[in-house]
Every structure is written in structure tokens, then in C-alpha cells.
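A.B. asks: Curious how this folds, go ahead:
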Amino acid sequence: GTQVGDRGYAMLIDQHGNVISRPGLTSGDMRWDESFITENLLVSENPDIAAVASKMVAGETGVARVAFEDGERFVAYAPVRGVNWSVGVVMPVDEVLAPITKTRESILSASEDTALHIGAQQDRMKAVFTGAFVVLLVVVALLTLAVTRYFTRPIEELQRGSEAIGRGDLEYRVNVATGDEFEDLARSFNRMAADLRGHIEDLRRTTAEKERIEKELEIAKEIQQSILPESAPILPGFDIAGFNLPAREVGGDFYDYIPVGEGCWGVEIADVSGKGVPAALFMALSRTLVRASASENPDPAGSILEANRYICMDSKTCMFVTLFYGILDTRKGTFTYVNAGHNPPLLFRAGSSVAELLRGKGIALGIFDDIELELVELRLNAGDTVIFYTDGVTEATNERDEEYGMERLTALIPGLLDRGARDMIDAIVADVTAFAGNQPQFDDITLVVLKVG
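C.D. replies: Numbering: from 1, shown residues only. Here you go, the predicted model:
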């Protein structure tokens, strides 16, 4: 607040009638006069004060005579343009009229001859006082405008900064040098803009890397699907089908049917180490070398040993592949195989619900040049079923991190033995998928089913 005269003062209220400034106003005391006991003049118990407040809020200019508890006072008021506030100057009536009263007493004590002279003097004094009061009112208004500008200028600068950031201009910085909380807020704003720019750059790099990885995964899936058989061969007296479901991170599973002579077919299922494009490329290399070796050599062990030597020579990535490969002689009903570190296929004999594991000594290809593989020959009879699979089937997990497991697989298959090879695969895949639920799978699911008619 601002002192005016001996006992007068100025006050400032906002557009809602709230007292913003007056003498003695502190953060803990919203009273500046016994009559102004409330912080909002519109709800003052003094009707004269409430009436004057209504005119001030309405933006009017004027002077009112108001009865206060300690006497009557003049209240002069005028709006503060630009912020919808109003400034008021309050002075006791007796202080305002003191010069007039003194002059009046002098006139009464003087002679009637000086009455006209005294009246003229009184008029001049009134004019001087009114002018001084108006000048004082203007000064108070200018001071109020300056104070208001002091507070609004940094706010406007921060607003311009916010609009610039909203437009994407992360280089914009606000310039506020007030030496107070507004300057601290401006520094915080500038730090926020710089941090935001850094976060957006990080997000762009992360997004680009994610897109690159997604593209690589798509390429890996395309490579994998391009080398898988389009259809199963038609084998008299046999029913065979294969299936591959690539995981999000392609694992490099593959299977193949290879013609190796009259009435003989090579059946292959394999699982490459690693994920993504490297696994897909190594899978393509392994499949090509095995197919080439098997086409030239009818001996399962010999052809796979030859393929292993080529894989070791061509692979510089320390990757390896587990593989099960066997030759089915449809004329003799024999199946001769080698197992290079792969999951043993399941053999269900006709009329039996107990699985036999097609084991064989051997390690994965691509680790050592010189390895040994055990050659095993067995006879397949009518009603026999062989299920080839990769670990993506038995190691599929659900949301409780439980694995599907060999026990579930061997318990499921006996109820499917009366179906065809394709129907059996569909049923197994459906059961594994239902078990996993919404849990993401990180390994391919690959199956081949061979049934003897």
C-alpha cells in the first residue's frame, strides 16, 4: 500500500474484489482496517464499502463518501487498464476538508466586507486541492502499472517460451533477469527445454534401432520361410507333413525332404544356434550343404559328416546346428538315421501309447571338423508314427514361466494317433499355443510327423 497525506492510503483490488495491496497487508493478515475486515470488499459487512467495491470492479471512476467505524472518509477510485484491476485512495473527510474548514472559520471571524474575498480564496484552495488529489491519483495509478508490469513481463516471456516449445522449437530459450523467483523459474524452463531436446534425440535413435531390428527380423523370417519345403512329397504307403512357426526372434529351425534315390527320401529336422539374421543365414548355409551332401551320398552318416566339414570351413561365427537326419526306404520299410545332438524324435509303435526315443551318438555340426556319428537302422511297420520336433515345442513357456515339457507332449500324442499327419501337427500346435497363452515365445516351433499306412 501507499501512504497518502497524514492518514490516507491507497489500495488495489482485482476484478473479483480481492484486496491485492493496502497498508499493513502481509501473507498472514488480510485485514488493513477494522472496516475492511474481509479480504474481498464485495462481501464487506459495510454496505457503503461493498457498493464502492462493485463500482471499482465494474471499472468505473469516481469519488464516494463512506462511513467507517472511526469516521467518514472519501474514497476516490479509478480502473488500472490492461489488468482489470482498480486502484482506490482513501482519506478521512476531516483531513480532506481541513483547509476548507480553517478558511471557513476565518471567514466567519472576519468582517462582512471581506466575505467575497474569502469565498474566492476558498474556491481557489478547493481547485488546488482537487488538482493535487487528481495528480496524486495519477501517480498512484502509474506506480501500480509499473508494479504490475514488473510481474507480468517475465510471465509473458515464459508464455512465449512455452508456445515456442509447443511448436517444436527446442532451441528457444527464455531471457528473464529479475534476480528473483521468476529468474529461477526461467533457468528451470531452459534446462527443461534442453533435457527435452536430449530425450527426443534419444527416442529417435532408439526408434531407428528398433526399426532396424524389426527389419532384420522380417528378413530372417523371409530367409527361413524361403528355404522350407512348399509341400510334402507323396510317398506310397506313408503320410508325412511338416510345420514351422517362427518366433518373434527367429531361431533358425528348419526341416527338409531330400530325394536320395528310387523310393528313398531323406527326412531332416534341425535347429541353428543364435537368433535373427545371423541364425537365418547360418540356417540357409547348413540346409544347402546338407542337401548337397545327401544328394550325392546315400549313406546318412557319410553325407552328414561331409556336410559338417564344409560347415566348419565356411562358418566363421562359432555357430552350430543340431540335426536329425534319416533315410526312409519306402520299398523296404526301413528308416536309417543319425542324430547330431538333436532332440530324439518320438516313435509310437502301432497299438502302443508309449514313446520310444530315437537316440543316437553324435554332437552338433559346426563345432569340430572330425566327429563321429552313430548310424541306427530300424524297421517301420503299418500303424507306426514318428514325431520329429525342435526344443521350441517342449520349451514353450506360459505366463507362470512353466515349460510345456516332454511329459505333456507324450501324454497328448496317443490320443492323436488315429489322425493324419497334418491333423496331428495342427492338434499339437494348438495345444502348445493354448498352453503358452499370451506369453511371447523366443524359439521357433517346428514339427514333422511321419505315419506308416
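
A.B. asks: helices or strands next to the helix or strand harbouring Glu268 in the packing?
C.D. replies: Secondary structure from DSSP states H and E places Glu268 in strand 264-272. Using 3 or more CB pairs under 8 Å, 6 or more residues apart in numbering; DSSP states H and E, the elements in contact with strand 264-272 are strand 253-261, helix 276-296, strand 321-329, strand 385-389, strand 445-452. To be clear about C-beta, it is placed using only N, CA and C from the backbone, and glycine gets the same treatment.

A.B. asks: Average pLDDT for that strand, rounded please.
C.D. replies: Taken as a whole, strand 264-272 has an average pLDDT of 97.

A.B. asks: returning to what we had before: identify whichever of the helices and strands packed on strand 264-272 lies nearest to Gly366.
C.D. replies: strand 321-329 (5.8 Å; CB to CB).

A.B. asks: Downstream of that closest one, the next helix or strand is which one?
C.D. replies: Criterion used, DSSP H and E; the element after strand 321-329 is strand 334-340.

A.B. asks: can you pull the buried residues of that next one?
C.D. replies: By 16 or more other CB atoms under 10 Å, the buried positions in strand 334-340 come out as Phe335, Thr336, Tyr337, Val338, Asn339, Ala340.

A.B. asks: How far does the helix or strand following that strand sit from its chain's centre?
C.D. replies: Later in the chain than strand 334-340, the nearest helix or strand by DSSP H and E is strand 346-348. Averaging C-alpha positions (CA atoms, centre = their mean, to the nearest Å) puts strand 346-348 49 Å from its chain's average.

A.B. asks: For the helix or strand that strand 346-348 is followed by, buried residues please.
C.D. replies: Downstream of strand 346-348, the next assigned helix or strand under DSSP H and E is strand 355-357. Residues of strand 355-357 classed as buried by neighbour count (16+ other CB under 10 Å): Ala355.

A.B. asks: and the nearest residue to Gln15 once chain neighbours are set aside, what does it touch?
C.D. replies: Nearest residue to Gln15, sequence neighbours excluded (CB to CB, 6 or more residues apart in numbering): Asn84, at 4.0 Å. Neighbour list for Asn84: Asp14, Gln15, Gly59 [criterion: CB atoms under 8 Å, 6 or more residues apart in numbering].

A.B. asks: If any of those are buried, put those into a ChimeraX selection.
C.D. replies: Those of those that count as buried under 16+ other CB under 10 Å are selected in ChimeraX with:
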select :14
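
A.B. asks: which residue packs closest to Ile367, ignoring adjacent ones?
C.D. replies: The nearest residue in space to Ile367 (CB to CB, 6+ apart) is Phe320, at 5.1 Å.

A.B. asks: Could you report the separation of Phe74 from Asp94?
C.D. replies: 10 Å (CB to CB, to the nearest Å).

A.B. asks: neighbour-wise, which of the two wins?
C.D. replies: Phe74 (18 against 12; other CB atoms under 10 Å).

A.B. asks: my guess is the more buried one contacts Gly88, does it?
C.D. replies: No. The pair Phe74 / Gly88 is not scored as a contact, 10.2 Å apart, by CB atoms under 8 Å.

A.B. asks: Pretty sure Ile165 sits in a helix.
C.D. replies: Yes. Assignment of Ile165 by DSSP: H, G, I helix; E, B strand; the rest coil places it within a helix.

A.B. asks: give the contact list for it.
C.D. replies: By CB under 8 Å, 6+ apart, the neighbours of Ile165 are Tyr172, Ala193, Leu196.

A.B. asks: Where do the domain boundaries of this structure fall?
C.D. replies: 2-166, 228-452 (automatic domain parsing).

A.B. asks: ok, of these, where does mean pLDDT dip lowest?
C.D. replies: domain 2-166 (a mean of 78).

A.B. asks: gap between it and the chain center?
C.D. replies: 56 Å.

A.B. asks: State the distance from the residue lying closest to Val338 once chain neighbours are set aside to Ser54.
C.D. replies: What sits nearest to Val338 in space, not counting adjacent residues and going by CB to CB, 6+ apart, is Leu373, at 4.3 Å. As for Leu373, its distance to Ser54 is 103 Å (criterion: CB to CB).

A.B. asks: likewise Tyr389?
C.D. replies: 88 Å.

A.B. asks: Between these two, which is the more surrounded one?
C.D. replies: Tyr389 (28 against 13).

A.B. asks: Contact partners for the more buried one?
C.D. replies: Contacts of Tyr389 (CB under 8 Å, 6+ apart): Ile269, Asn343, Pro345, Leu346, Leu409, Thr446, Leu447, Val448.

A.B. asks: pretty sure the fifth one is in contact with Glu395, am I right?
C.D. replies: It stands for Leu409. No. Counting by CB under 8 Å, Leu409 sits too far from Glu395 to count as a contact (10.9 Å).

A.B. asks: Quick check on Ala177: phi, psi?
C.D. replies: Reported as degrees, to the nearest 10, the phi and psi values for Ala177 are phi -130, psi 70.

A.B. asks: Give me the local confidence score for it.
C.D. replies: 78.

A.B. asks: burial count for the nearest residue to it once chain neighbours are set aside?
C.D. replies: Distances taken as CB to CB, 6+ apart put Glu183 closest to Ala177, at 6.1 Å, once the chain neighbours are dropped. A count of nearby residues for Glu183, using other CB under 10 Å, gives 15.

A.B. asks: cool, and Ile311?
C.D. replies: Other residues close to Ile311 by other CB under 10 Å number 24.

A.B. asks: got the buried residues for the helix or strand hosting it?
C.D. replies: Following DSSP H and E, one finds Ile311 within helix 300-314. Buried residues in helix 300-314, counted by 16+ other CB under 10 Å: 300-312.

A.B. asks: List the contacts of it.
C.D. replies: 266, 285-286, 289-290, 292-294, 296-297, 321, 323, 325-327, 336-338, 340, 365-369, 371, 373-375.

A.B. asks: Just the buried subset of those residues, please.
C.D. replies: Buried among the contacts of helix 300-314 (16+ other CB under 10 Å): 266, 285-286, 289-290, 293-294, 297, 321, 323, 325-327, 336-338, 340, 365-367, 371, 373, 375.

A.B. asks: part of a helix, is Asn190?
C.D. replies: Yes. Counting by three-state DSSP, Asn190 falls inside a helix.

A.B. asks: Isn't it up against Glu171?
C.D. replies: No. With contacts counted by CB under 8 Å, Asn190 stays clear of Glu171, the gap being 10.7 Å.

A.B. asks: which neighbours do those two share?
C.D. replies: With CB under 8 Å, 6+ apart, Asn190 and Glu171 have no common neighbours.

A.B. asks: who's more crowded, the two?
C.D. replies: It is Asn190, of Asn190 and Glu171, that has more neighbours when counted by other CB under 10 Å, with 16 against 10.
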